[in-house]
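# Requesting a structural model of the entry that follows:
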Amino acid sequence: MNDPNPGIPHHPGEFGEMPDIPQELPILPMTNVLVFPYVVAPLVISDERRIAVVNEALSDRKMVGLFAVRSKTEGDAEPDSLKLYDVGTAVFILKMFRYPDGTVGLMVQGLSRIRLERITRAEPFLKGRIRPIPEAATDTVKVKALMREVTEIFQQIVSLSAFLPDELGQAITAVDNPGRLADLVVSNLKLDIAERQAILETLPVENRLIRLLTLLNRELELLKLGNKIQSEVKNKIEDSQKEYYLREQMKAIQKELGDKDERAAEIEELKGRIEKAAMPDEAREAAEKELDRLSKMPPQAAEYTVSRTYLDWLVTLPWSAGTEDNIDIVKAKAILDDDHYDLTDVKDRILEYLSVRKLRSASKGPILCFVGPPGVGKTSLGRSIAAAMGRKFVRYSLGGMRDEAEIRGHRRTYIGSLPGRIVQGIRKAGANNPVFMLDEIDKVGTDFRGDPASALLEVLDPEQNNAFSDHYLEVPYDLSKVMFITTANVLDTIPRPLLDRMEVLRLPGYILDEKIQIAKKYLIPRQIEENGLKRGQIRFDDAAVRRIIEQYTREAGLRNLEREIGACCRKVARLVAEGKEKRVRITPEKAAAFLGPRKFFSEAAQRRDEVGVATGLAWTAVGGEILFVEATAMTGGKGLVLTGQLGDVMKESAQAALSYIRSHAARYGIPDDFFAAKDIHIHIPEGATPKDGPSAGVTLATALVSLLVNRPVKHDVAMTGEITLRGKVLAVGGIKEKVLAAQRSGISRVILPKLNEKDLAEIPEHIRRRMTFHFAEWLDDVLALTLVDKKRKKRNTDKRG
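Just a heads-up that it's a prediction; the model follows:
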């Protein structure tokens with residue numbers, strides 16, 4: 001059965017008088033066709049039972065009841081007689097056509113709405129008792145307004161629609177019956193069977209017009225949108241065709257004038273650049289293949305830009321262009337000394353590396369990794385190395401990187417894809433052998449986009465990076481000539497396979513005297529220049545620099561020191577600009593006036609010998625720090641309270657210290673049952689700062705023993721080391737950083753594990769001369785050095801009294 005193609009409604013007079021509708025009619029079920037009253041429509045029927053209905057009607061009054069079948073679901077075996085809508089249309093068969101394939105064509109006219117009361121026969125075809133539904137006469141102002149609105153909107157639809165004849169828009173103006181108008185209009189709309197049935201079942205004419213108006217507005221919007229889309233597509237096609245014809249005409253004109261085509265000239269230029277790039281064979285083949293593909297591609301194609309950009313990257317990369325190493329060891333040493341104060345061990349290792357490069361230029365040197373707190377000069381060391389070798393310098397920060405494509409590049413599957421940062425940096429340098437610094441390698445992350453640290457394994461492996469594979473280039477690139485240097489604050493977060501590829505050089509930080517010299521040689525001149533001053537307009541006393549370091553900064557590096565010096569320079573710049581001063585001398589008092597109240601105090605200097613308080617040394621990512629462990633006892637029952645945001649390792653150290661003391665209580669004169677009615681509380685101040693690590697065991701044990709034997713701990717002694725349950729003091733790391741922290745805090749005596757005695761060689765000799773070091777193998781050694789004897793305790797008590 002086909003959808004109807006309704007025509008102009010015909011009046012019954014054209015086919016004779018309107019016949020009477022009997023009470024019983026043959027029922028013709030239709031699945032996707034509805035015919036409205038007074039509308040002529042064609043039908044095509046192929047089902048034998050439905051053809052039997054038509055034959056029965058032709059032999060009687062040529063009338064059938066046409067009812068729509070409700071939608072069936074898959075596997076629904078319910079007969080059509082039970083799936084018919086209640087309201088249908090009585091139709092009159094005007095003509096019948098029989099086709100060679102056995103199908104029957106009908107031309108029918110709707111007569112009236114009818115309601116199916118019951119089925120009177122099911123075989124061999126359906127027959128049912130029906131009741132005509134009369135059309136109520138309605139002639140109100142609202143109905144007339146609705147008719148006018150329906151007519152106007154339908155005429156707009158006719159003007160926009162390609163399947164409706166223009167005559168239909170004029171024909172409906174002659175329909176003055178509101179019900180017939182609604183039926184005619186809905187017959188000519190592309191609606192599904194459920195929407196048509198809803199209109200058919202809407203008997204009040206006013207409601208029918210309102211529902212129809214909603215459908216008309218929707219159809220009008222759809223037609224407008226469709227026409228807009230077609231118009232845009234047509235304009236694009238026309239523009240494309242116009243551009244094509246113009247280009248062809250331009251080619252013909254250029255050919256007549258003897259000029260070269262711009263596109264042909266571009267292809268020739270790229271071919272010449274490929275020749276000059278001196279690429280390896282594999283890269284050259286890829287470039288020539290892409291160039292051939294580009295020459296056959298229209299410029300309007302979306303891939304044209306992608307292909308053109310890819311060729312630009314291939315021809316601009318320095319495949320064979322590099323700087324010539326000019327390694328003068330004496331000159332290199334002078335550059336390093338001029339740029340950096342002290343750092344003797346690091347400078348010696350760099351000079352050794354340069355010496356090997358000078359003697360054997362093809363050697364595959366190690367990947368240097370500078371590890372230290374912020375502001376100690378890791379990045380500037382890389383610049384100095386590049387200057388000493390006469391190479392270009394490239395720096396890229398890896399901090400926060402989580403996407404592997406940042407290293408290996410993006411695949412050329414979309415517009416805007418680019419090579420990775422390694423290839424980008426080499427192109428920016430314009431040489432295939434720059435000094436490439438990868439900053440913050442300890443802060444590389446990982447997520448669903450991949451693991452950048454794994455991609456760096458290939459980059460930083462001298463045995464593999466001679467054929468580095470970038471996803472964008474898709475051809476190997478030789479990174480073996482690049483000198484990679486990495487920096488980090490800590491080593492713990494660097495994956496072990498990646499750390500294995502690097503040689504670690506530590507920059508632990510600077511002591512007071514070193515900071516004074518660095519400030520005089522580098523920081524003060526730089527800040528004077530950056531703040532628009534001249535050397536004669538400002539001068540810093542050494543005592544002023546010392547006060548700034550001691551009272552306004554507390555760091556292993558130099559960044560805060562430079563900020564405070566810059567603050568003084570800005571104050572002076574304002575005085576000079578206002579004409580109040582011509583030259584200013586920065587004295588300790590002047591520095592304090594410029595910078596305000598002091599920010600840091602020497603905690604060790606303010607401390608005194610106290611029971612249950614011990615001074616420890618800790619290592620952090622920003623250098624060494626001192627920490628105070630406080631212990632106290634209270635009435636309770638075998639409770640150990642730990643506060644101060646201690647990590648799991650430090651909590652276990654506290655538990656181990658307590659277990660050792662309980663097991664050796666008799667040795668220290670502590671009652672065996674001291675823990676039975678006591679709670680022990682251990683606290684480390686600055687509770688908002690998380691603390692963890694394996695080097696606080698001796699400090700925790702000393703504070704506990706001091707508490708339990710009621711003997712104060714010497715406040716001018718700091719200690720570090722881990723203990724076992726047997727009381728043995730184990731070696732720890734970060735000795736240099738911890739010693740520098742003690743020196744910064746004014747502590748001159750330090751207790752270290754016996755096994756760390758070898759690490760004392762890392763500490764500058766002038767620091768060793770100023771401080772006293774004690775080496776402990778057992779906890780008893782530590783207690784003997786830290787606990788105040790009873791006589792001294794009594795004297796101190798008398799003095800305080």
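# now the stretch 1-150 of the chain, which segments are flagged as low pLDDT?
1-18, 72-82 (pLDDT under 70).
# rerun that using 90 as the cut-off
1-25, 27-34, 38-41, 44-62, 68-86, 96-106, 117-128, 133-150 (pLDDT under 90).
# got any ranges where the stretch 201-350 of the chain has weak pLDDT?
201-281, 283, 286-288, 290-311, 320-350.
# would you list every one of the helices in it?
For the stretch 201-350 of the chain, helices defined by DSSP state H, counting those that start in this stretch occupy the ranges 205-257, 262-276, 281-295, 302-316, 329-339, 344-359.
# how about JSON lines for those helices, with distance to P124 and mean neighbour count added?
Bear in mind the C-beta positions are built from the backbone N, C-alpha and C, glycine included. Putting those into JSON lines (distance: least, Cβ to Cβ, whole Å; neighbours: other Cβ atoms under 10 Å) gives the following:
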{"stretch": "helix 205-257", "distance to P124": "36", "mean neighbour count": "13"}
{"stretch": "helix 262-276", "distance to P124": "75", "mean neighbour count": "14"}
{"stretch": "helix 281-295", "distance to P124": "70", "mean neighbour count": "16"}
{"stretch": "helix 302-316", "distance to P124": "63", "mean neighbour count": "16"}
{"stretch": "helix 329-339", "distance to P124": "107", "mean neighbour count": "15"}
{"stretch": "helix 344-359", "distance to P124": "103", "mean neighbour count": "16"}
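# how near is K754 to E290?
67 Å (Cβ to Cβ, to the nearest Å).
# cool, and S659?
On the measure of Cβ to Cβ, S659 and E290 end up 71 Å apart.
# ditto for L398
31 Å.
# What of V186?
60 Å.
# before we move on, what about D328?
43 Å.
# cool, E268 as well?
15 Å.
# got it, and H340?
47 Å.
# Equivalent analysis for L783, please.
For L783, the distance to E290 - Cβ to Cβ - is 76 Å.
# How about I350?
Counting by Cβ to Cβ, the separation of I350 from E290 is 42 Å.
# same check, this time on L246
27 Å.
# What average pLDDT does stretch 538-555 get?
For stretch 538-555, the mean per-residue pLDDT is 89.
# Please compute how far it lies from its chain's middle.
Stretch 538-555 sits 42 Å away from the centroid of its parent chain (Cα atoms, centre = their mean, to the nearest Å).
# residues in contact with it?
Under the criterion Cβ atoms under 8 Å, 6 or more residues apart in numbering, residues 373-375, 509, 512, 515-516, 519-520, 524, 528, 560-561, 564-565, 568-569, 572, 583-588, 590-592, 595, 598-602, 622-623, 744 lie in contact with stretch 538-555.
# Would you mind listing the buried residues in stretch 581-597?
By 16 or more other Cβ atoms under 10 Å, the buried positions in stretch 581-597 come out as V584, I586, P588, K590, A591, A592, F594, L595.
# Out of the residues you listed, flag the one nearest to T140.
L595 (89.7 Å; Cβ to Cβ).
# Any idea how many residues pack against the closest residue to the closest one other than its chain neighbours?
Using Cβ to Cβ, 6 or more residues apart in numbering and skipping the chain neighbours, the partner closest in space to L595 is Y552 (5.5 Å). For Y552, the count of nearby residues is 21 (other Cβ atoms under 10 Å).
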